[in-house]
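S.K.: from the sequence below, what's the structure:
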Amino acid sequence: MFGHGKAKRAKNFPGCTYSQPQVVSTGLTEKAAKEKKLDIRVGKFPFTASGKAVASAESEGFGKIIADAKIGEIYGAHIIGAEATELIAEYGLAIQLEATVEDIHQTIHAHPTLGEAIAP
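M.R.: Model (predicted):
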């Protein structure tokens, strides 16, 4: 909408598989974070606990967040489920801005939506 600005070298790309269910990932995996010896915590939320997913008959899947154990900076996110390719952008932005789990948690997500299911 506002142009592209200066070109920067991208460090983080979302990986999207347009299957049924959709599979997406951005940032570090849990395994990669452990290999880097990062002190992490992992959060996981099943879509079966999402009212929107259940009401849409698309409750297969989950969201997973890998974050710094102390300050909560988000290192990676992985989602399997309906609309996962639409949901991953929030976490790509979070990683780019060095946002924390608390930053995402304090952001109001519309209800009922699939997006609220992945808000830690």
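S.K.: wait, is Val54 part of a helix?
M.R.: Yes. According to DSSP: H, G, I helix; E, B strand; the rest coil, Val54 belongs to a helix.
S.K.: in three-state terms, label the nearest residue to it once chain neighbours are set aside for me.
M.R.: Leaving aside its sequence neighbours, Val54 sits nearest to Thr48 (C-beta to C-beta, 6 or more residues apart in numbering; 6.9 Å). (Glycine included, C-beta is placed from N, CA and C.) Secondary structure state of Thr48, per three-state DSSP, is helix.
S.K.: for Phe13, see how far away the residue most central in space within the chain is.
M.R.: Nearest to the mean C-alpha position of the chain, by C-alpha atoms, centre = their mean, lies Ala77 at 3.8 Å. Using C-beta to C-beta, to the nearest Å, Ala77 is found at 13 Å from Phe13.
S.K.: residues shared between the contacts of those two?
M.R.: Thr26 (C-beta atoms under 8 Å, 6 or more residues apart in numbering).
S.K.: so which bits of the longest helix seen in the chain are buried?
M.R.: When the chain is parsed with DSSP state H, its longest helix is helix 89-96. Across helix 89-96, burial judged by 16 or more other C-beta atoms under 10 Å covers 90-92, 94-95.
S.K.: quick one: the helix or strand following that helix to chain centroid distance?
M.R.: The first helix or strand that comes after helix 89-96 along the chain, using DSSP states H and E, is helix 101-105. Relative to its parent chain, helix 101-105 has a centroid offset of 11 Å by C-alpha atoms, centre = their mean, to the nearest Å.
S.K.: now tell me what touches helix 101-105 from outside.
M.R.: For helix 101-105, using C-beta under 8 Å, 6+ apart, the contacting residues are 43, 65, 67, 72, 74, 90, 94, 119-120.
S.K.: that's all I had, so thanks and see you.
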